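Asker: No letters, just coordinates:
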């Protein structure tokens, strides 16, 4: 299965059943995505768990408000391994009228749609989250 799809669906499913945290396998791409999600407050925190080089894992702590409502309502995968979708910075539009984010893989690293517009850089549209 696709590593990005697996990550975002695991986070979505865990938040739907109100889990405190979850553990996924480690990769640099996943770590970059989690860094952006933490900065944008969709997750509370993540920590790389010690292990041997082959079996590194990441513990993700999910974010909820006072009424136990998750920060994540839904996710939508845009670019897939079978069909890559690339966008220029002029082609980036707000997700859900600015209430959501488009996560992009760019030469600048993994960034949000707002950061890509500011830096005037395009890239592969990975997924939307709101």
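Answerer: Alright, I've got the coordinates. Every value quoted in this text rests on a predicted model; they were computed, and no experiment measured them.
Asker: Please enumerate residues in contact with the longest helix belonging to the chain?
Answerer: When the chain is parsed with DSSP state H, its longest helix is helix 3-16. The contact list for helix 3-16 (CB atoms under 8 Å, 6 or more residues apart in numbering) reads 21-22, 24, 27, 29-30, 33-34, 37, 43, 60, 62, 64, 70-72, 74-75, 77, 80, 126-127, 129. C-betas here are computed from N, CA, C, even on glycine.
Asker: what inclination does the helix or strand hosting residue 48 have with respect to helix 3-16?
Answerer: Per DSSP states H and E, residue 48 falls inside strand 43-49. Going by axes from the mean of the first three to the mean of the last three CA atoms, to 10 degrees, strand 43-49 is angled at 120 degrees with respect to helix 3-16.
Asker: outside of strand 43-49, which residues touch it?
Answerer: 11, 23, 26, 31, 34-35, 37-38, 56-63, 71.
Asker: all strands for this protein, in order.
Answerer: 21-25, 43-49, 57-62, 75-77, 86-87, 101-106, 109-112, 123-129 (DSSP state E).
Asker: and among those strands, the most buried is which?
Answerer: Stretch with highest mean neighbour count among those: strand 101-106 (a mean of 22; mean count of other CB atoms under 10 Å).
Asker: what separates the most centrally placed residue in the chain from residue 103, distance-wise?
Answerer: Of all residues in the chain, the one closest to the mean position by CA atoms, centre = their mean is residue 33, 4.5 Å from it. Per CB to CB, to the nearest Å, residue 33 is found 6 Å from residue 103.
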